[in-house]
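Please work out how this folds:
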Amino acid sequence: MQDQPDPTPVALYARVSSDRQDIDLSVAAQLRALRDYAEKNGYVVTREYIDEAESGRVADRPQFRQMLDAATADDAPFQEILVWKFSRFTRKREHAVAFKSMLRR
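So this is what the prediction gives:
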């Protein structure tokens with residue numbers, strides 16, 4: 001019998017913006033899809049962060065900032081962040097570059 005590797009701890013991030021709620025998948029639907037993906041791919045969800053009615057063009061979203069702070073802490077509770085679609089993370093290229101660099105540490 002082969003030992004299974006420990007599941008990778010992850011955070012889920014879901015966001016809807018007020019001006020696109022009719023187009024974007026709802027927060028509940030995003031989280032369902034992410035939980036399903038995590039379960040099927042050997043991840044364990046340790047945190048969930050949700051920003052509602054927040055623009056992806058703005059970096060100072062409350063739960064997003066909290067997630068980044070947790071991710072960069074010495075005792076980070078997760079190793080990876082899962083998002084339903086990259087636009088849920090950010091819509092600005094310069095933010096994406098800066099955040100990816102910060103998170104790679």
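
pull the CA atoms of the top helix by length along the chain into CSV?
The longest helix of the chain (DSSP state H) is helix 27-40. Only the C-alpha atoms of helix 27-40 are listed here, as CSV (Å, rounded to 0.1, in the frame of the first residue of the first chain):
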residue,chain,number,x,y,z
VAL,A,27,-19.9,33.7,-5.0
ALA,A,28,-21.7,30.6,-3.9
ALA,A,29,-21.3,29.0,-7.4
GLN,A,30,-17.6,30.0,-7.4
LEU,A,31,-17.0,28.4,-4.0
ARG,A,32,-18.9,25.2,-5.0
ALA,A,33,-16.7,24.9,-8.1
LEU,A,34,-13.5,25.6,-6.1
ARG,A,35,-14.3,23.2,-3.3
ASP,A,36,-15.1,20.5,-5.9
TYR,A,37,-11.8,21.2,-7.7
ALA,A,38,-9.9,21.1,-4.4
GLU,A,39,-11.4,17.8,-3.4
LYS,A,40,-10.7,16.1,-6.8
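
what pLDDT, on average, does it get?
The predicted model assigns helix 27-40 a mean pLDDT of 94.

who's in contact with whichever helix or strand comes after it?
For helix 27-40, the following helix or strand on the C-terminal side (DSSP states H and E) is strand 43-52. Counting by Cβ atoms under 8 Å, 6 or more residues apart in numbering, the neighbours of strand 43-52 from elsewhere in the structure are 7-16, 27, 31, 34-35, 37-38, 61-64, 66-67, 70, 77-78, 80, 82. (Each C-beta comes from the backbone N, C-alpha and C, glycine too.)
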